[in-house]
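# Could you work out the structure for the sequence below:
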Amino acid sequence: MTSDPVPVLCLPYAGAGAGFFRKWRQSAPAGLLLEPLQLPGREERTDEEPHRDVARAVHALLPEALDAVRGYSRVAVFGHSLGAILAYELARALEERTELPVAHVFVSGSPAPERGRAPQAAALDDAEFLARVEELAGYRHPALESAEFRELLLPTLRADVAMHESYRPPSDEPVEAPVTCLRGADDVLVTEQDAREWHTTTSGPFTYAEVPGGHMYLADAAPQVLGLVAATLEGTGRQPTVSGRFTGPGATCD
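Have a look, this model is predicted:
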């Protein structure tokens, strides 16, 4: 990384907590600073009511984000699935409400905001809800096999899914920061067309990247993703317009 490191605020997928990205620190290239943000309703914030609205979540996250990156001259954001939407709207809030420049926005495993996600799961009963989430994500958290943990995790997971399915962009104005969209090459939930539409969300450079795997590819691809993020922020990889090419560790980008 450069002598002027850029901290990366990390937002988790539905039902997950900051601990997912804290473990990524073990795989991070030297100098890459990961700053996971914790949402209410999980891990050390289990006793707090989870958010069900993206705008309210971002409003609450903004001061926490600023505290996490205090002393740095720039910031980047990264989020997967629901976290991609939260990261994008947090980047918008940082640009509109603060003087802290956003160096880059990394969104992963989510359709572009204007494509949205049709309500498919949030209103189902518990058994149907879990089956639908597993079908859509291609992944079932091992903790959900325990009745005790399932009872603990289900309200937050349901709130997160409802937040993602009800999200509508508050503005059609793009952010100024460059945007990189990552997608698992075999993701059946988010199509390539869905992902490439993120190019409309920025007035700056846009990059589309594919990583081997399905919707939850990042569970096994931390080194590849972190290598791409580090190269982008360091400037060793190009940050092209949508028609450019970039090849990062374990990923193909254009």
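
# Distance of the residue nearest the centre of the chain relative to residue 47?
Centroid-nearest residue in the chain, with C-alpha atoms, centre = their mean: residue 79, separated by 1.2 Å. Per C-beta to C-beta, to the nearest Å, residue 79 is found 24 Å from residue 47. For the C-beta atoms, the positions are set from N, CA and C on the backbone; glycine is no exception.

# Likewise for residue 120?
Distance from residue 120 to residue 47, counting by C-beta to C-beta: 29 Å.

# Please apply the same query to residue 40.
Counting by C-beta to C-beta, the gap from residue 40 to residue 47 is 9 Å.

# neighbour count winner among these two?
Between residue 40 and residue 47, counted using other C-beta atoms under 10 Å, residue 40 has the larger neighbour count: 16 against 7.

# So for the helix or strand where residue 96 lies, what gets flagged as buried?
Assessed by DSSP states H and E, residue 96 sits inside helix 82-97. Buried positions in helix 82-97, judged by neighbour count with 16 or more other C-beta atoms under 10 Å: 82-95.

# I'd like those residues written out as TSV, with pLDDT added.
Formatted as TSV, those follow (pLDDT from 0 to 100):
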residue	pLDDT
82	93
83	96
84	97
85	96
86	97
87	98
88	98
89	98
90	98
91	98
92	97
93	98
94	98
95	97
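
# Verify the contact between residue 220 and residue 213 for me.
Yes. The criterion here is C-beta atoms under 8 Å, and residue 220 meets it with residue 213 at 6.5 Å.

# Neighbour count: those two, which is higher?
Taking neighbours as other C-beta under 10 Å, residue 220 and residue 213 compare with residue 213 leading, 20 against 11.

# That one and residue 21, how far apart?
18 Å.

# likewise residue 172?
Distance check for residue 172 against residue 21: by C-beta to C-beta, it reads 30 Å.

# And the two? Which one has more around it.
residue 21 (26 against 9).

# and residue 36, backbone torsions?
phi -70, psi 140 (degrees, to the nearest 10).

# burial measure for it, as a count.
Neighbour count of residue 36, defined by other C-beta under 10 Å: 22.

# now swap in residue 131 and tell me
13.

# Next: residue 219.
Residue 219, neighbours per other C-beta under 10 Å, totals 14.

# Name the nearest residue to residue 9, sequence neighbours excluded.
Among residues not flanking residue 9 along the chain, residue 77 sits closest, at 4.8 Å (C-beta to C-beta, 6 or more residues apart in numbering).

# Would you verify that the one you found is located in a strand?
Yes. Secondary structure assignment places residue 77 in a strand (DSSP: H, G, I helix; E, B strand; the rest coil).
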